[in-house]
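J.: how does the following fold in three dimensions:
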Amino acid sequence: MAKDKDFITENLSEEQKRTLMKILNMIIPPSEDGKMPGAADIGFLTYIHNENLLPWIHEGLISIAEESHKNYGQEFSALSGFEQAQLIEKLRRKFLQFFNRLTTQVIQCYYQHDDVLVAIGFEARPPFPKGYLLEEGDLTLLEPVYLRGKIYRDSKPNRKSFSSN
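T.: Alright, predicted model coming up:
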């Protein structure tokens, strides 16, 4: 864990970390009753290191910091909530891929976190080996697929085509 923190410390400035934490809580804010954590409270910095996401997140944070200083003369985390939302809305079109990708990663990280799983009524554990019970479905719905027959190629290579010359 210390190694992860060192990696993040070396690659993200304090301003970038503060900016990321504000953006995370804009994506998934904590609940007002305190039962659900915000996205900034679930260890996203360790997650981005483990998933090797830091390079493109770092680039996006640099762009957000530059825009914040250019438009407001201060860092993103010091802006009011309204100014933060306004700046992100302005940048959303320009950096659409960054924000879409970040949102996807935040959601994936968030719903793997033990506190979130418990808060939404699941056990904080992997689904296997214990497994989850699934409702039995109506298997007759698959009949058209079965009747259609095989529509794929076998994955085994034809041995005759590999004969030596």
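
J.: the bottom helix or strand of the chain by mean pLDDT?
T.: Every helix and strand in the chain was compared by mean pLDDT, DSSP states H and E; the lowest is helix 2-11, with a mean of 57.

J.: what's the next helix or strand along the chain from that helix packed up against?
T.: For helix 2-11, the following helix or strand on the C-terminal side (DSSP states H and E) is helix 14-27. Secondary-structure packing of helix 14-27 (3 or more C-beta pairs under 8 Å, 6 or more residues apart in numbering; DSSP states H and E): helix 44-50, helix 54-72, helix 81-94, helix 96-110. Quick note: C-beta positions are derived from backbone N, CA and C, even for glycine.

J.: what sits against Arg148?
T.: If a contact means C-beta atoms under 8 Å, 6 or more residues apart in numbering, then Arg148 has no contacts.

J.: quick check: it vs Asp154, distance?
T.: Here Arg148 is placed at a distance of 17 Å from Asp154 (C-beta to C-beta, to the nearest Å).

J.: quick check: Leu20 touching Ser13?
T.: No - proximity of Leu20 to Ser13 does not meet the contact threshold set by C-beta atoms under 8 Å, at 10.5 Å.

J.: out of these two, which sits in the more crowded spot?
T.: Neighbours were counted for Leu20 and for Ser13 using other C-beta atoms under 10 Å; Leu20 has more, 25 against 14.

J.: quick check: that one vs Thr104, distance?
T.: Taking C-beta to C-beta, one finds Leu20 at 15 Å from Thr104.

J.: swap in Lys130?
T.: From Lys130 to Thr104 the distance is 28 Å (C-beta to C-beta).

J.: report the buried residues of stretch 83-100.
T.: Gln84, Leu87, Ile88, Leu91, Phe95, Phe98, Phe99 (16 or more other C-beta atoms under 10 Å).

J.: pick out whichever of those sits closest to Ile57.
T.: The shortest approach to Ile57 among the buried residues of stretch 83-100 belongs to Phe98, at 8.2 Å (C-beta to C-beta).

J.: residue nearest the middle of this protein, spatially speaking?
T.: Among the residues of the chain, the one closest to the centroid is Gln105, at 1.1 Å (C-alpha atoms, centre = their mean).

J.: give me the below-cutoff pLDDT ranges for this protein.
T.: Across the chain, residues meeting the criterion (pLDDT under 70) sit at 1-9, 128, 131-134, 156-165.

J.: with that, I have no additional questions.
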